[in-house]
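**Q** mind looking at a prediction? Sequence and model below.
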Amino acid sequence: MRLNSAASTFVRAALGIVTFACGAAAQTPAWGERIQPAQLIRVQTGPKKASYRGTFEGMRGDSLVIADSAGVPRWVVPARDIVRVDMSVGTRRNGLKGAGYGFLVGAGVGALMGLITEPCEPTGFMSCFMESTTRSGAAANNAVVLGVFVGLPVGAIVGRTIKSPKWRPVDLTPGPRPELTFAPVRGGAAVRLSIAF
């Protein structure tokens, strides 16, 4: 069956549109659709081990566009270089981490104060710093007291007031990829559209 020239032109135009749409869909990674515009993300690339953090602006071809904190698009990262993408899913408080740091700082300051302030009668060169009874006992007591009763609660309070993003990794497995092929047949051409996963 032969097509008239208007129908033939229409078929060619339709095939051109389908080809363009399939090519655009094949270039854009499917995982780019899993991130919302203006969402806070962090991206890690492979060969250079570079890290980017900003808001997701969108996909430009096969590249990820990231804006800085002022909202200005700053980085365009090719998808082939990306090894990890995390998106922010809210914030979390850091009370436990702050308590740990507070305890360590308090214990360190307490031990140092115990070593410095405990009286000692020198009996030889550096004997006060090497003596195991008075200074080490005072250092241990001060470390426990300042670490537990001062550092721990102050660190927990400070850590609780500091918020940081809660990150969730983005699944980078590719989505379906359409493929359009043309095959000559007797009296015209055949079109085949397949979707690869």
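**A** The structure has been received and is ready for your questions.
**Q** which residue ranges of this structure form strands?
**A** 40-45, 51-60, 63-67, 73-78, 82-93, 163-169, 177-185, 188-196 (DSSP state E).
**Q** tabulate those strands (TSV), appending mean pLDDT.
**A** Listed next are the strands of the chain as TSV, based on pLDDT from 0 to 100:
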stretch	mean pLDDT
strand 40-45	89
strand 51-60	88
strand 63-67	89
strand 73-78	88
strand 82-93	88
strand 163-169	89
strand 177-185	61
strand 188-196	60
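**Q** tell me the most buried of those strands?
**A** When the strands of the chain are scored by mean count of other Cβ atoms under 10 Å, the highest mean neighbour count falls to strand 63-67 (a mean of 20). (Glycine included, C-beta is placed from N, CA and C.)
**Q** what inclination does that strand have with respect to strand 82-93?
**A** For strand 63-67 against strand 82-93, the angle by axes from the mean of the first three to the mean of the last three Cα atoms, to 10 degrees is 30 degrees.
**Q** and the angle from strand 63-67 to strand 51-60?
**A** Put simply, strand 63-67 runs at 120 degrees to strand 51-60, going by the same axes, to 10 degrees.
**Q** same for strand 63-67, what does it pack against?
**A** For strand 63-67, the packing partners by 3 or more Cβ pairs under 8 Å, 6 or more residues apart in numbering; DSSP states H and E come out as strand 40-45, strand 51-60, strand 73-78.
**Q** which one is Val76 nearest to, not counting chain neighbours?
**A** Ser63 (4.8 Å; Cβ to Cβ, 6 or more residues apart in numbering).
**Q** partners of that neighbour in the sheet?
**A** Arg60, Pro78 (DSSP bridges).
**Q** surely it is in contact with Val77?
**A** Yes: counting by Cβ atoms under 8 Å, Val77 is a contact partner of Ser63 at 6.1 Å.
**Q** tell me the domain ranges of the protein?
**A** For the chain, automatic domain parsing gives the domain ranges 1-29+174-197, 33-90, 95-161.
**Q** first to last residue in the longest one, what's the distance?
**A** Taking Cα to Cα, to the nearest Å, the first and last residues of domain 95-161 lie 8 Å apart.
**Q** can you check stretch 43-60 too?
**A** Distance across stretch 43-60, first residue to last, is 16 Å (Cα to Cα).
**Q** start the count at 29 instead of 1 going forward.
**A** Yes, from this point I'll number from 29; that puts the last item at stretch 71-88.
**Q** number of residues surrounding Leu200?
**A** When neighbours are counted by other Cβ atoms under 10 Å, Leu200 registers 14.
**Q** now it: how far from Pro106?
**A** Distance of Leu200 to Pro106, given as Cβ to Cβ, to the nearest Å: 13 Å.
**Q** then Val113?
**A** In terms of Cβ to Cβ, Val113 sits 13 Å off from Pro106.
**Q** quick check: neighbours shared by the two?
**A** Here Val113 and Pro106 have Leu92 as joint contacts, going by Cβ atoms under 8 Å, 6 or more residues apart in numbering.
**Q** out of the strands of the chain, which comes closest to Asn170?
**A** strand 110-121 (29.5 Å; Cβ to Cβ).
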